[in-house]
Structures are given as C-alpha cells and as structure tokens.
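Undergrad: Sequence and predicted structure, then a few things I'm wondering about:
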Amino acid sequence: MKKTLFALSITLFLSANSQLYARDQIKIVGSSTVYPFATVVAERFGKTSGFKTPVIESTGSGGGLKLFCSGLGTEHPDITNASRRIKSKEVNKCAENGVEDITEIKVGYDGIALANSKSGPSLKLSLKEVYLALAKVVPADPEGETVKPNPYKMWNEINPSLPAKPIVVIGPPPTSGTRDAFNELAIERGCKKFSGRKELKKANKKLYKAECRGIREDGAYVEAGENDNLIIEKLVANPDAIGVFGYSFLDQNRDKVKPAEIDGVLPKFEDISSGKYPVSRSLFFYVKNAHAAVIPGIKEYVREFTADKAIGSDGYLVSKGLIPLPDDERAKFAKDGKKLAKFDPKVLKKN
Amino acid sequence: MNNTEIIKKSLMKRHLAESRFKTYGILGIISATVFLIVILSTIFIEGKSAFKSTYIKLDVFFDPSIIDPDGTRNIDEIRFANYRKVIKNSLKNYFPEVTGKEEMKSLTELISSSEEENLMQAVLKNNDLIGANKKVWLKASSKIDIIHKNPEMKDLSESNRLISDKELEWFDKLTRNGDVKFSLNKIFFLKADSTEPEQAGILGSILGSFFTLVITLILSFPIAVAAGVFLEELAPKNRLTDIIEININNLAAVPSIIFGLLGLAIFLNVMHLPRSAPIVGGMVLALMTLPTIIIATRVSLKAVPPSIREAAVGLGATKFQSVIHHVLPLAIPGIATGTIIGMSRALGESAPLLLIGMVAFIVDIPGSFTDSATVLPVQIYLWKSTAARGFVELTAAGVIVLLTFLILMNALAIFVRNKFEKKW
C-alpha cells in the first residue's frame, strides 16, 4: 500500500515537471486597484474567446512588477497590472533578467476619494487643508520656509469653517499603490501651495520629498490594510472618521459613505475623467511580449481589454467604476496593444 | 480547639474553594459556548440567503434574425450570437413603456449576464428553439436579488438604495405579476469564482482544496508514519535522535507562513513547479502537517503495551516484524485520528498559499493537480475583500461550506477513534 503511494507521488512530481513547459493559461499579477477591472475582462475573455480564463493574483503594483521582471519563461507571469507607471529602476531590473520587450497599456483613470459616513457632516476640503491635516511636518511660517511637527488635532484648528472634530483619517498602508498616489497627488500638491516648500524642491529634492510626502505617524492617520471594505466598515462605525480609497469602492457603497469635495470638486465620473478632480491617477498594465508567441491568448486578451466595449465611454468596465480614457488616447493604446509596441523607457522622467 | 473542630473549619473553606473552582469552569464553558453560538448564528443568518437566488420569468422569443441570420444552423454563428439582445427584446416587450438608451441599458441589467450563456446552451442543445417563443425563468442580477432578499431596503430613499426608483418600479411590476421567485442557487454549487456575485460559486475552490489535500495526504502520511515508527521503535536513544525529536516538536509550532516562504524558495524558484497549482500547495501543506502526524504516530505507538512487542520478539520475530505485524496495526486508529486532525488544519490554512500564488482570481474549475486553483479559505478571503455588495452573503455561505467540511472531518476522526481504538 505504502509502496503504491510513494510511486504515485513520484509520478505526480514528474507529471508536474513535464507540464511546466506547456502552460496554456495566461498568468497575471499586480495592482489591487486594477484587479477588479482585470478580473471582469478575464472572465469575459474566458467566456467568449475560447481560450482559458486567465489567472489573476492581486499582489500590489510593486509586488507585481517584481514578479513580472524576474525573468522570461512559463513560470513567470505574462502580464502585470499597475496603478502607477513603471519606474526606471524597474525597467532596469526587467532588462537585467532579459525582460526587455514589454508593452505599456493605459486602461483608464481612478479617482481617490476622501469620504465619511452618511451620518457625518458633508465635507469641503482643499488640498492644502488635507496636507496640513495629514503631513508629518507642516510649515511653521506662512511661506513654508521652516517646518514643525504637525500640531493639529482638530479640523477647525486648520480652518475655522471646518467641523470641530478630531482628525481621524483611515487609509491604505505604504505598500499600496493607492497610498503612493495619495501621497503624491494630494499631500505633495497641498504642500506645493507654500512657496517656501516649492523652493526647497529646487534646493534639496530628497528632503522635499520626505517632508512633502511623509504622512504623520502620531495616530491621526490610521492604516487599515489593503482591504477597502474594512475602511468602509470603520467609517460607518465612526462618523467622525474620514476614509481614503478608490472611486470604485465609493461607487459601490454610496448608501453608507459620501465623498468630500476636494478643491470644490466632488469625485464624479466626468470630473475625474477630465482631470478636474485633483486626486486622480492612471491605471496601466504591462505585457511581456516574448510570451505572446508562447502562451496562447495574450494578444486577444489585450485586444479585449483595450476594446471600446470594455474601456470605451460606454464600456462594461465603466459601469464597474473605471474612469475611461479620452477616445483618441484609447485608440492609441489599442493600436499599441495590437502590434505589441515596445515600451520606450526614455519617456519616464527621472525621479 | 480539638482536631475535629480544626478540620471542620478548614472543611468549610475547602468546600468553598471547590465550588468556586467549579463556577470558574462553568463560566468558562458558558462564555465559550456563547461566543460560538454568536459566531455561528451570525454566519448562518448572513449566509443562508446565498443558497437561494431570485429568478424572473420572461417570455423569450428566440429571434432567428439575431441567433441565426443566415438560417444555416452553423454552430459558430449560434455560439457568437448576441443573446444580450434576445433578453433585451423580451424585456422590451414586458415593459413597453421603457424608451431611451440609458433606461434600456439599466432595464437589461435586471437579468444576470450568465443567462446569455444559458440561452446559448439551450439553443445549441435544441435548434428548434430558434424562431420559437418560450417562457423562461432567468436569473436576476445581484442588485435585484439583494432588494428581493431585503424588502426593507425599498423604503430607503433612492440615493441610499442600490437600485434606482425606476428599477424598483420594474421589479414591483414583475412581483405583482407573479413573475419573480426564489429558487435554489445552483450556480453556487456548480461554478468557480466570478466578478458578478450572482455567478460566483464554491465548486472551484472545493475541488482546489480536494486536490491540495490529496497531495498533502499522499506526501505527509507515509513519510510521517515512517519517521514516527523509526524514532519511536527502532532508533537508538542518543543525542542526535534527541535533537531531531526536539526539532520535530518545534516544527509543529512554526507559523504556517514560514512554510509558504519555503515553498516559494524551493518548489517555485528552484524546482520551477507551476505557480497557483494544487501540487505545490499540497507540498507546502504536507510540510506543515508532517510534524503533527509524526507526533500523533509516536503517541499512539507509545500507547501500545510493551507486552505485545515482548510477546512477538519472544516468539522469534525481529524487531521490524514485531512493529510492522503487531504494533503498527494496533496504533493505526490513533495515527488516523491525528492525520485527520492534521488534514482539517491544512484545509483551513490560507497564509502559506498566498506566497505560492494560490490566492488568485480563478474562473476555470480545476481538473488536475497542476491546474491553477484556489482553496476554500482563500475563496472566502477573496470574496470578503471584493467591493460588490452581493459578495457579503457569499462570504458567509463560503464559511458555512468550510465549517461543514471541517465538522465532517472531525466527526470522522471521532468515529475512527471510538470505533477502532483499543483500550488496555
């Protein structure tokens, strides 16, 4: 009996090894923000194309690019999703491991909403106020030439017209692409409103980045893990708290939370798309072109994801909360996807 | 004071201490039971609605000009026809008052998009349907299902509700005409993950768990029993075996994520086994289960009285024969119990699988040990972290399914123990 079991397990090992070189299913990793959109595309693709449904792992943008760049071969993923653009560091890492020919596809935008419970007050915030409430250090003088640790405990200490409520903001941890984008798009832009800070950027870029993107760690900003549902639940439990999460979660939970106006604009569909809403970012995915010849369906998957019916202004991803690209930009990326145009890392600005 | 008095006095105190101790014990049991009841009942209340789902009766006209415009009955033609339009047209007939593109779009969204595939299958099976009219129960979309299950949501204002006033009006009309019903949610038992709550099922992850556990059992059981028998019966007692013994006991307490790291480093990066496959998951969980079974094996071997061994050796058996013929068979019930407990722990494990890619969105139902798959606890986690509202009840229903399997396995362990264990 035991002999057969042993034999069986050895056979299994061997069969697993021999199947390794015949993967016929696309493997995708990457951003948890793109994940809900990519899964919808994958499911439709699996149902209609006759190819196997791609497998998608939500590893975060950074984790996804790390796996993606670790080499060529069927044990490495074919596509990675990212809620930010690839960094030149990552391009180099990719090239070191032989992953040189990649295609970049931009699929749309995502707004980052600040929202609180329906039972709380309606909030109107400016980027400057968000910066002052959440930065680790804030300007000590009106011009922002010197800094002090963030002293604000209540919203009305920042601006008397804001409610007299303690500052409690629940948001994603530093590993999240949402957090990167929030630091860059909200905190840093608020920081730039001070002329002294802007000058610091020219003088000492490193210090500027640390001071203008750093979030306070004294308990006013609560890290809630990568689970946005959890943030919503915490907001409902605490009407004074404000949450930071992607637009699609806001859209699904309109009965529980309401968004804050940022610089006078609510995170509405049209305003995120047009760029009027200040805290929005682009969503991407990257394709490993060397795999396209080996793994069946990669080209077709890219075509499905860039099709008008998916990410066009009436597309099915739009009803899931994706903010669509302008038509000409979408057409450009659809064309890139069709011929798997090689990504030129020179377009990345050095930072 | 004589001795009797002293004893009487202290007796009172000792009796009090005893009853206090009893009370603590009872309180402990009561609080554990209360917690258990609260957890189980909330899960059950939340999850039981996932086992049924809403269906809407529509008069579907299988329009030849949509399904088979050339009249050739070509399978490819039928397969890629626009069944959304077929559903749309039958909804249009039901609600002639609806005009306008936007309204038409939200009207079509009353019906789950999985029905497009079902209609296609029906037509493929029976070509005579083309051109016919038929009353069909179609699965409603998740938001209609939620309103149907929570009628109190109708009283909320439009912005607080998942569906608009218009959609509610349509739903009410369907209800008035008796064209809405609850029926068993078959998809839940027949499908794998989906992005649409009404199309998501648990079968994919049940099979994933099955394949994973088969590998775990095949690998860990023989190795662990062999190791246990060797250490307990045959190995000399020296420093080396002592060190091994201590390490095995320590291994049983190692956090499971460590085994995941090991799996990533060895099985994926060195052996190049496929990501997300049950074979790797099973190997990782086998490492985790090994010490549990080794310890169970040794404990049950120890429980076999030495007289059995001595009798066998006395009649001329070798040490190996006495173990294989007499001691091991008597210890098997205990080993089996330990194995089943180890397996049920492996069934509930998700952390080590995160690192080897089994925490993933997988729509295709796995058919072998190398297909991509997830397992039950991972599926529950994935549903819990999805935005769409319909996944809340699915999460709870997934927990119910997982608990059912765990209870069955533990019941089996108890049964094996009571039925086959020998007492000396």
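TA: Thanks, I have it.

Undergrad: the domain parsing of chain B - what is it?
TA: As assigned by automatic domain parsing, chain B contains the domains B:3-48, B:51-195, B:203-420.

Undergrad: ok, and which of those domains has the densest surroundings?
TA: domain B:203-420 (a mean of 19; mean count of other C-beta atoms under 10 Å in any protein chain shown). The way it works is simple: take the backbone N, C-alpha and C, and place the C-beta from them, glycine included.

Undergrad: pLDDT on that domain, on average?
TA: Averaged across domain B:203-420, pLDDT comes to 92.

Undergrad: one step back: possible to save the domains of chain B as a markdown table with distance to residue A:72?
TA: Output for those, formatted as a markdown table (distance: least, C-beta to C-beta, whole Å):
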| stretch | distance to residue A:72 |
| --- | --- |
| domain B:3-48 | 44 |
| domain B:51-195 | 29 |
| domain B:203-420 | 13 |
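
Undergrad: Can you read off the backbone torsions of the closest residue to residue A:57 other than its chain neighbours?
TA: Counting by C-beta to C-beta, 6 or more residues apart in numbering or on different chains, residue B:360 is the residue found nearest to residue A:57 once chain neighbours are left out, at 4.2 Å. Per-residue torsions, residue B:360: phi -150, psi 160 (degrees, to the nearest 10).

Undergrad: what separates residue B:360 from residue A:294, distance-wise?
TA: To residue A:294, residue B:360 is 20 Å away according to C-beta to C-beta, to the nearest Å.

Undergrad: Specify the residue ranges that define each domain of chain A.
TA: According to automatic domain parsing, chain A comprises the domains A:21-109+A:282-347, A:111-280.

Undergrad: element containing residue A:56, please.
TA: strand A:55-57 (DSSP states H and E).

Undergrad: do residue A:152 as well
TA: Counting by DSSP H and E, residue A:152 is part of no helix or strand.

Undergrad: Might you report the residue contacts of it?
TA: With C-beta atoms under 8 Å, 6 or more residues apart in numbering or on different chains as the criterion, the residues that contact residue A:152 are A:132-133, A:138, A:158, A:167, A:220.

Undergrad: Neighbour-wise, give me the winner out of those residues.
TA: Neighbour counts for the contacts of residue A:152 peak at residue A:133, which has 27 neighbours (criterion: other C-beta atoms under 10 Å in any protein chain shown).

Undergrad: Quick one: residues contacting residue A:199.
TA: residue A:145.

Undergrad: So for residue A:68, which of the domains of chain B sits nearest?
TA: The closest of those to residue A:68 is domain B:203-420. By C-beta to C-beta, the value is 12.4 Å.

Undergrad: before we move on, back to that, which neighbours in the sheet does the strand holding residue A:56 have, and how are they oriented?
TA: Next to strand A:55-57 in the sheet, as set by DSSP bridges, lie strand A:27-30 (parallel), strand B:360-361 (antiparallel).

Undergrad: I'd like the ones you listed as TSV, with distance to residue B:199 appended.
TA: Listed next are the strands paired with strand A:55-57 as TSV, based on distance: least, C-beta to C-beta, whole Å:
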stretch	distance to residue B:199
strand A:27-30	20
strand B:360-361	13
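
Undergrad: and residue B:83, which of these is closest to it?
TA: strand B:360-361 (24.4 Å).

Undergrad: How far off centre is the closest one?
TA: The chain centroid and the centroid of strand B:360-361 are separated by 15 Å under C-alpha atoms, centre = their mean, to the nearest Å.

Undergrad: Stretch B:352-369 too?
TA: Offset of stretch B:352-369 from its chain centre (C-alpha atoms, centre = their mean): 13 Å.

Undergrad: helix or strand for the residue nearest to residue B:262 when sequence neighbours are not counted, which one?
TA: Excluding its sequence neighbours, the residue lying closest to residue B:262 (C-beta to C-beta, 6+ apart) is residue B:287, at 6.7 Å. Residue B:287 belongs to helix B:278-302 when elements are defined using DSSP H and E.

Undergrad: Can you identify the element that follows that helix toward the C-terminus?
TA: Sequence-wise, the next helix or strand downstream of helix B:278-302 (DSSP H and E) is helix B:306-314.

Undergrad: who's in contact with that following helix?
TA: The contact list for helix B:306-314 (C-beta under 8 Å, 6+ apart) reads B:319, B:321-323, B:325-327, B:330.

Undergrad: Reformat these as a markdown table; add distance to chain A and secondary structure.
TA: Below are these laid out as a markdown table (distance: C-beta to the nearest C-beta, whole Å; DSSP: H, G, I helix; E, B strand; the rest coil):
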| residue | distance to chain A | secondary structure |
| --- | --- | --- |
| B:319 | 19 | helix |
| B:321 | 16 | helix |
| B:322 | 18 | helix |
| B:323 | 14 | helix |
| B:325 | 15 | helix |
| B:326 | 17 | helix |
| B:327 | 16 | helix |
| B:330 | 17 | helix |
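
Undergrad: Using TSV, please lay out these together with distance to residue B:291.
TA: Formatted as TSV, the contacts of helix B:306-314 follow (distance: C-beta to C-beta, whole Å):
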residue	distance to residue B:291
B:319	25
B:321	28
B:322	26
B:323	21
B:325	27
B:326	26
B:327	21
B:330	23
